[in-house]
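Asks: Please work out how this folds:
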Amino acid sequence: MTEPSPPAPRVLADKIDHLFQVVRPAKGEYTHEQVAKAIEERGGPTISASYLWQLRKGLRDNPTKKHLEALADFFGVPVAYFFDEAAADRIDVELDLLASMRDADVRHVALRASGLSTQTLKAITDMIERARQLEGLDD
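Replies: So this is what the prediction gives:
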């Protein structure tokens, strides 16, 4: 039996798009204009909103190192996120957790679980895993 092949590395556009989707204020994604302006205000390289859009859509795929450093700084990730697939995977797990904590219901459950015994937390985790299976959600 052959082992499943590892997933193909994501392209730069996918990684940038993911950052826009999960690293955001509560009201929604940052606009390309907001990111470009913030990078400039932080003393980063000049980058236009349209260039950010092109990078995000994969229409451009060869930004300078300074542009990638500025994007990494803005989104709060190490620049390795763009070059190292293993690092990107680890960072994405953390980013997805942070994004899920923006959900008030998820936060409420997490806060209410604080202080419970290890045995009770395991029982709750088992119930949550079963509910996720019933709803067809990924692990």
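
Asks: quick one: low-confidence ranges for the protein?
Replies: 1-8, 139 (pLDDT under 70).

Asks: Following the record's annotation, map out the domains of it.
Replies: Per automatic domain parsing, the structural domains of the chain span 12-84, 104-134.

Asks: Just send the ones you listed back as TSV, with distance to Ile91 and mean neighbour count too.
Replies: The C-beta positions use only the backbone N, C-alpha and C, and glycine is treated the same way. Putting these into TSV (distance: least, CB to CB, whole Å; neighbours: other CB atoms under 10 Å) gives the following:
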stretch	distance to Ile91	mean neighbour count
domain 12-84	5	16
domain 104-134	20	10
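
Asks: Using TSV, please lay out these together with distance to Leu95.
Replies: TSV is the format used below for these (distance: least, CB to CB, whole Å):
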stretch	distance to Leu95
domain 12-84	5
domain 104-134	15
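
Asks: Asp96: which of those domains is closest?
Replies: Proximity to Asp96 (CB to CB) singles out domain 12-84 among those, at 6.4 Å.

Asks: what's the closest of the domains of the chain to Asp92?
Replies: Comparing these by CB to CB, domain 12-84 comes nearest, at 6.6 Å.

Asks: ranges for the strands of the protein?
Replies: Taking DSSP state E to define them, one finds no strands in the chain.

Asks: Report the contact partners of Phe75.
Replies: Leu19, Val23 (CB atoms under 8 Å, 6 or more residues apart in numbering).

Asks: Now do it against Leu121, distance only.
Replies: Phe75 is 32 Å from Leu121, where distance means CB to CB, to the nearest Å.

Asks: Kindly report the same for Lys15.
Replies: Applying CB to CB to Lys15 and Leu121 gives a distance of 33 Å.

Asks: now do Asp138
Replies: 21 Å.

Asks: Repeat that for Ala99.
Replies: In terms of CB to CB, Ala99 sits 22 Å off from Leu121.

Asks: Equivalent analysis for Val35, please.
Replies: Val35 is 38 Å from Leu121, by CB to CB.
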